[in-house]
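J.: sequence and predicted structure are below.
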Amino acid sequence: MNRLIIPFQGYGEFRLYQNIEETKNILKNNKLKYSVEVWNNKECSNPIPWTIIRIGDSIHLFFANDKMFKIYLCSKCEGSLPNGITIGMDMNKACEIDPDLKYDDWEEDYQSSQGYWLEDDLGSGKVLSISIFIKEALNEEVFEEYKW
Amino acid sequence: MNHSNSGLAHGTSGSPQLTLENGEMEKKAKENEATINNKPQRKPIFDQTGHVTFESISARREHFLGKSVSQIDKELHKYGYQTRIRGSIHASSKARIIVVTNSTKERNISQVQVSPKSKRHGNVPYVKISTTDQGKIKIIDADSKNYITDGKEKAKLLFRRKWK
């Protein structure tokens, strides 16, 4: 599988906006084990359920309205962003590679205008996770309407 | 039963009564006073206008812990807050965010984040309150020893207390 994590596009064969059936076919073809979790989101003002497909502990695919809206990669997930940032890289080095990374104190992650979010491991100071997402996720009000 | 000639005080029905000598009474009163002083202050979290302060939250921090997002939302509505609840797009856990849509100088809470666990902080649950004039206040449902931090957090941290 291609190991490139491309913002606003996808990771390997997993593409943002892909539906659940297409995703399950990819998992089947690659003989990947996975689990499925559904959050009903009943307490939310717009209670659209989210489905999360978890491949081991390292790849988490988020869906709403049968469209993939976020890919969360962590643990031993191999792959790199086009600028070379990887999971496990020193966070300071990641900030040198992408000086546009800004820490958000509310979300508690580093956000890049290039279209990805990083979490840092507070113990080791290394990149803990990389998230890529659809453009609509950048505007919570637009995202919450689920008209994408 | 007629007690008039029984030699027992009225209402005792013959049961043994607790009797304390004067010295013991004083000791017991001091113990009670100490117990009251050790209890958390019951200062209200919200004033009548819906305003909160760091001190008022700190004094009753446990009030927010172990509650669902709907329960916290209901509490806010009691004080005139209008809100929307959404899932956190950033979090990998089932974190929920209450967004206040009618913040004023008095109703100073702007957002509340209810996180069931944070991998980054050692899988501990917390409630984070963002205010317009008190900064961010994070109430952590754990002992400080179990919470991982780099010490650079701008939010004011409050840990669950242990009552003796």
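T.: Looks like it came in fine.
J.: just the strands in chain B please.
T.: Ranges of strands in chain B, per DSSP state E, are B:83-87, B:96-100, B:109-115, B:126-131, B:136-140, B:156-159.
J.: make TSV from the ones you listed and add mean pLDDT to it.
T.: Below are the strands of chain B laid out as TSV (pLDDT from 0 to 100):
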stretch	mean pLDDT
strand B:83-87	97
strand B:96-100	97
strand B:109-115	97
strand B:126-131	97
strand B:136-140	97
strand B:156-159	96
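J.: turn the ones you listed into CSV, columns for mean neighbour count and distance to A:Leu101.
T.: C-betas here are computed from N, CA, C, even on glycine. Converted to CSV, the strands of chain B look like this (neighbours: other Cβ atoms under 10 Å in any protein chain shown; distance: least, Cβ to Cβ, whole Å):
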stretch, mean neighbour count, distance to A:Leu101
strand B:83-87, 20, 24
strand B:96-100, 23, 22
strand B:109-115, 21, 22
strand B:126-131, 23, 22
strand B:136-140, 22, 21
strand B:156-159, 18, 24
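J.: columns distance to chain A on top of these, output as TSV?
T.: Below are these laid out as TSV (distance: least, Cβ to the nearest Cβ, whole Å):
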stretch	distance to chain A
strand B:83-87	4
strand B:96-100	7
strand B:109-115	7
strand B:126-131	6
strand B:136-140	7
strand B:156-159	12
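J.: and A:Leu118, which of those strands is closest to it?
T.: Smallest distance to A:Leu118 across the strands of chain B (Cβ to Cβ): 18.2 Å, for strand B:109-115.
J.: what residues are up against A:Asn19?
T.: Taking Cβ atoms under 8 Å, 6 or more residues apart in numbering or on different chains, we find A:Asn19 in contact with A:63, A:66-68.
J.: and B:Asp47, how many residues sit next to it?
T.: 13 (other Cβ atoms under 10 Å in any protein chain shown).
J.: nearest residue to it in space, please, no chain neighbours.
T.: B:Ser56 (7.7 Å; Cβ to Cβ, 6 or more residues apart in numbering or on different chains).
J.: measure that neighbour to B:Ile137 for me?
T.: Counting by Cβ to Cβ, to the nearest Å, the gap from B:Ser56 to B:Ile137 is 10 Å.
J.: any idea of the pLDDT on the nearest residue to B:Glu62 once chain neighbours are set aside?
T.: Take B:Glu62 and drop its neighbours on the chain: the residue closest to it by Cβ to Cβ, 6+ apart is B:Arg160, 6.2 Å away. B:Arg160 carries a pLDDT score of 94 in this model.
J.: understood, closing this out.
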